[in-house]
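Chemist: The sequence and its predicted three-dimensional model are supplied below.
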Amino acid sequence: MAALVVHGHHRRFAPRTLGGQANAQPRALLDALREVGRGDLSVGRLFEGHVNALALFDWYAGPDQLEWLASELNRGAWFGVWATEPVPGVAIVDGADGPALTGSKHFASGAGGIDYAIVTARPASGHRPIVVIPANDPDRTDLSGWRVRGMRASSSGRYDCAGYPAGPSHILGAPGDYDREPRFTAGAWRFLAVQLGGIEGLLIEVRRALSDKARGDPVQRARFADAVAATRTAYLWVREAAARAAREDADAPVFVQMCRGIVERAALDVMEAAARLLGTRSAFDGERADKIIRDLSLYLRQAGPDYARDQAALGWLDRDVWGDGDRLW
């Protein structure tokens, strides 16, 4: 994360009024997310959350909020977006000094480590707003439940939001802006780009570690060819999804939901190929292939992939979402 700050990545996709590329250069963001994901999927998850937050600032922040954001980015601050929560969730209540939050978030990536988080909160009535809160208080952070085989370094724990102010200066945009379509669903392309980077990183590692015996075996070469095809197929779909999301096409959410299944299938195929091509070496602790496989296996479970595929199927049954003058029905 420190290296990304040194190289300017942490503010490259800042709001456009601050000289960044937020919501303006989907191909550049795609390549950046892939590159970081290839290096480490946990870092990629945190980086994706950061650029997601910057996109929300670009869309909804007021002048004073943008000025504050600029000063925080100048000192190297990291942001995240936390929406997942245990029952009863995060709500806005009347506090002694005005509106304040109660409740906590879980699966909060970077909890206790990043500087700020954008969180969703339930008001007394109406649509939920998004609130900016500090995210680096160790006394509010509980990572004890984050006992997983992969993505450990993302520190996706529980964070207590109770008592943080939720007045107008802390709220981005209007109630309901976080859930606005097509931005909400289509924005999933960003974490697909990070996952794609993990797939690419695994393919690169498989090729590097492939033995001479395997390289001389036509069966193994066929497996490697299938892994290349799966990886590049996922890339083409994610690239298209990024472009449609940036244009805010009406069908972008359904397209991205279908893309999630494409990326998942590619990841599963390349992970199986890695196991068959590298043998037991792919499962040894300390081997790069093992780490990528463990991280990717968990990352693929994010946000209900089966539900997303079902919604995509419903959309495609109704119409050919591919569109662009090339509909099949």
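Modeler: Perfect, thanks for sending it.
Chemist: Tell me the spacing between the nearest residue to Asn74 once chain neighbours are set aside and Gly261.
Modeler: Excluding the flanking residues, the one nearest Asn74 by C-beta to C-beta, 6 or more residues apart in numbering is Arg11, at 8.0 Å. C-betas here are computed from N, CA, C, even on glycine. Arg11 sits 33 Å away from Gly261, going by C-beta to C-beta, to the nearest Å.
Chemist: Over to Ala274?
Modeler: Taking C-beta to C-beta, one finds Ala274 at 20 Å from Gly261.
Chemist: Of these two, which one has the most company?
Modeler: Neighbour count, other C-beta atoms under 10 Å: between Ala274 and Gly261, Ala274 has more, with 27 against 17.
Chemist: what sits against the more buried one?
Modeler: When contacts are counted by C-beta atoms under 8 Å, 6 or more residues apart in numbering, Ala274 touches 202, 205-206, 227, 282, 289, 293.
Chemist: any idea which of those residues is the one closest to Ala313?
Modeler: Ala227 (25.9 Å; C-beta to C-beta).
Chemist: Let me know whether that closest one touches Ala267 as I believe.
Modeler: No - with contact defined as C-beta atoms under 8 Å, Ala227 does not count as touching Ala267 (10.6 Å).
Chemist: Tell me which stretches of the stretch 101-250 of the chain form helices.
Modeler: 183-186, 189-209, 212-215, 218-247 (DSSP state H, counting those that start in this stretch).
Chemist: in the stretch 1-150 of the chain, which ranges drop under the pLDDT threshold?
Modeler: Residue ranges of the stretch 1-150 of the chain with pLDDT under 70: none are present.
Chemist: quick one, strands of it?
Modeler: For the stretch 1-150 of the chain, the strands defined by DSSP state E, counting those that start in this stretch cover 79-82, 91-95, 98-102, 104-108, 116-120, 130-134, 141-142.
Chemist: between the ones you listed, which gets nearest to Ala61?
Modeler: strand 130-134 (9.0 Å).
Chemist: Parallel or antiparallel, which strands does that closest one pair with?
Modeler: strand 116-120 (antiparallel), strand 171-172 (antiparallel) (DSSP bridges).
Chemist: Need the CA coordinates for the first one. PDB is fine.
Modeler: Output in PDB follows, covering the C-alpha atoms of strand 116-120 (Å, rounded to 0.1, in the frame of the first residue of the first chain):
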ATOM      1  CA  TYR A 116     -11.600   6.400   6.300                       C
ATOM      2  CA  ALA A 117     -14.600   4.400   5.100                       C
ATOM      3  CA  ILE A 118     -17.800   5.300   3.300                       C
ATOM      4  CA  VAL A 119     -20.600   3.400   5.000                       C
ATOM      5  CA  THR A 120     -24.200   2.900   4.300                       C
END
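Chemist: For that strand, give me every contacting residue.
Modeler: Strand 116-120 is touched from outside by 53, 56, 72, 77-83, 85, 90, 101, 105, 108, 110, 128-135, 159, 161, 172, 178, with contacts defined as C-beta under 8 Å, 6+ apart.
Chemist: Swap in 6 Å and give it another go.
Modeler: Strand 116-120 is contacted from outside by 53, 56, 79-83, 90, 105, 128, 130-133, 135, 178, using C-beta atoms under 6 Å, 6 or more residues apart in numbering.
Chemist: likewise the shortest one?
Modeler: With contacts defined as C-beta under 6 Å, 6+ apart, strand 171-172 is touched by 56, 60-61, 129-131.
Chemist: Check the gap between Met103 and Asp160 for me.
Modeler: Heads up, residue 103 is Gly, not Met. 8 Å.
Chemist: typo on my end, Asp139
Modeler: Relative to Asp160, and taking C-beta to C-beta, Asp139 is found at 8 Å.
Chemist: who's more crowded, these two?
Modeler: Between Asp139 and Asp160, counted using other C-beta under 10 Å, the more crowded position is Asp160 (18 against 7).
Chemist: residue contacts, the more buried one?
Modeler: Shown in contact with Asp160 (C-beta under 6 Å, 6+ apart): 104, 140.
Chemist: residue closest to the middle of the chain?
Modeler: A centroid search over the chain (C-alpha atoms, centre = their mean) returns Phe191, at 3.1 Å, as the residue closest to the centre.
Chemist: any idea of the pLDDT on that residue?
Modeler: Phe191 carries a pLDDT value of 98.
Chemist: does it really touch Glu48, like I thought?
Modeler: Yes - between Phe191 and Glu48 there is a contact at 5.3 Å, judged by C-beta atoms under 6 Å.
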